[in-house]
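Novice: Attaching a predicted model along with its sequence, questions to come.
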Amino acid sequence: MRPYTDIITGGWVSRLPQGWVPYVHLARLDRPIGAWLLFLPGLWSILLAHAPAGQTAWLIGLFFIGSFVMRSAGCVVNDMWDRDMDRLVTRTAARPLAAGTVRMRQAAVFLVALLACGLVILLQLDRLAQLLGVASLALVVTYPLAKRVTWWPQLMLGFTFGWGAPMGYAAAAGRLDWAAAALYAAAILWILGYDTIYAHQDREDDALVGVRSTARLFAANTRPFLAACYAATVLLLALAGWLAGLSASFFLALALPAGMLARQVLAIAIDDPGLCLRLFKANRDVGLAVGLAILLGRL
């Protein structure tokens, strides 16, 4: 049987110059779902802040591009830390640093280039958002270590990937308030849930190499844990909407992402890595549905 991996080698990737392909894989550009998931909390917060239409569109564009750049940078950092462990896990053994198709020095140069692009984008924002952007680097660098010291690396990812919520709100509103805090908490719990699903792809290999995760921690009890995470997510989203003064349309429209999250809870089968990946990817549509609900609540 072919070893399970989520690396994509066909499609548009196969048409690139051969020397580019390892860097596309290193940056996960062949799998943009992670960039989308990084972008979505920022989208929510920009819409929630209700800035003028022109500013809102500009910020959404900046955050979209920035999410692809910084997610790529985060993946490089992650693979630099994890290259030895990645060689021992079926799904990650073909990653460029683990497989040796990119050397550490080349990865470091690539990382500097990505961070330089991120800096250009960051400088387009106001001072508070810039400070939050700089602070996020501490999370980006330390997240890969979490799996070595805690059973809750998915929670650490929640703090990291959810950082767009306070940052986007600060960029659009010029301040932080309780609505932004509730939205950030909702993003953290949403990410904790979906990354637990994602981690079930590697649960057995992680046990062999000593990597900790909430997938291993909860194992057969993942469904009730996931239900609790997603229920709290929806409640915190509702709280953020109430604090921000959104109309009844928001609360009605919130039923759509709530139903989509409930479907994930019902469908999960922790021993089916392909299904876990599909459920994980379905969270892009969940996040877009939340953004739509916020937009409707502002009309």
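Specialist: Now that the structure is in, tell me what you want to look at.
Novice: where are the low-confidence patches of the chain?
Specialist: The chain contains residues with pLDDT under 70 at 1-6, 9.
Novice: quick one, longest helix in it?
Specialist: helix 53-86 (DSSP state H).
Novice: got the buried residues for that one?
Specialist: For helix 53-86, a neighbour-count test (16 or more other Cβ atoms under 10 Å) marks 56, 58-60, 62-63, 65-79, 81-83, 85-86 as buried. Placement of C-beta: from N, CA and C, glycine included.
Novice: Moving C-terminal from it, which element do we reach first?
Specialist: helix 96-99 (DSSP states H and E).
Novice: which residues does the nearest residue to residue 83 once chain neighbours are set aside contact?
Specialist: Nearest residue to residue 83, sequence neighbours excluded (Cβ to Cβ, 6 or more residues apart in numbering): residue 97, at 4.1 Å. Shown in contact with residue 97 (Cβ atoms under 8 Å, 6 or more residues apart in numbering): 26, 79-80, 83, 86, 103-104, 107.
Novice: Could you export these to a markdown table, including columns for distance to residue 248?
Specialist: Shown next, in a markdown table, are the contacts of residue 97 (distance: Cβ to Cβ, whole Å):
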| residue | distance to residue 248 |
| --- | --- |
| 26 | 46 |
| 79 | 46 |
| 80 | 48 |
| 83 | 51 |
| 86 | 48 |
| 103 | 57 |
| 104 | 55 |
| 107 | 50 |
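Novice: State the pair within these that is farthest apart.
Specialist: 86 and 103 (14.8 Å; Cβ to Cβ).
Novice: give me the number of residues near residue 13?
Specialist: By the criterion of other Cβ atoms under 10 Å, residue 13 has 15 neighbours.
Novice: how far away is residue 76 from residue 144?
Specialist: 10 Å (Cβ to Cβ, to the nearest Å).
Novice: Equivalent analysis for residue 242, please.
Specialist: 36 Å.
Novice: Between these two, tell me which one has more neighbours.
Specialist: residue 144 (20 against 14).
Novice: Assign a three-state SS to the more buried one, would you?
Specialist: Using DSSP: H, G, I helix; E, B strand; the rest coil, the structure places residue 144 in helix.
Novice: Just give the nearest non-adjacent residue to it, would you?
Specialist: Residue 144's closest residue in space is residue 81 (Cβ to Cβ, 6+ apart), at 3.9 Å.
Novice: re earlier: could you check how far the residue nearest to residue 83 is from residue 253?
Specialist: Relative to residue 253, residue 97 is positioned 43 Å away (Cβ to Cβ).
Novice: Residue 237 touches residue 290, doesn't it?
Specialist: Yes: under the criterion of Cβ atoms under 8 Å, residue 237 makes contact with residue 290 at 6.4 Å.
Novice: Need the residues touching each of those two.
Specialist: Joint contacts of residue 237 and residue 290 (Cβ under 8 Å, 6+ apart) are 254, 257.
Novice: Just the helices from the stretch 101-250 of the chain, written as ranges.
Specialist: 104-122, 127-149, 153-161, 164-173, 178-199, 203-209, 214-218, 222-243, 248-253 (DSSP state H, counting those that start in this stretch).
Novice: Include distance to residue 42 when you put those into CSV, please.
Specialist: As requested, the helices of the stretch 101-250 of the chain are exported to CSV (distance: least, Cβ to Cβ, whole Å):
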stretch, distance to residue 42
helix 104-122, 12
helix 127-149, 10
helix 153-161, 10
helix 164-173, 3
helix 178-199, 9
helix 203-209, 29
helix 214-218, 24
helix 222-243, 14
helix 248-253, 18
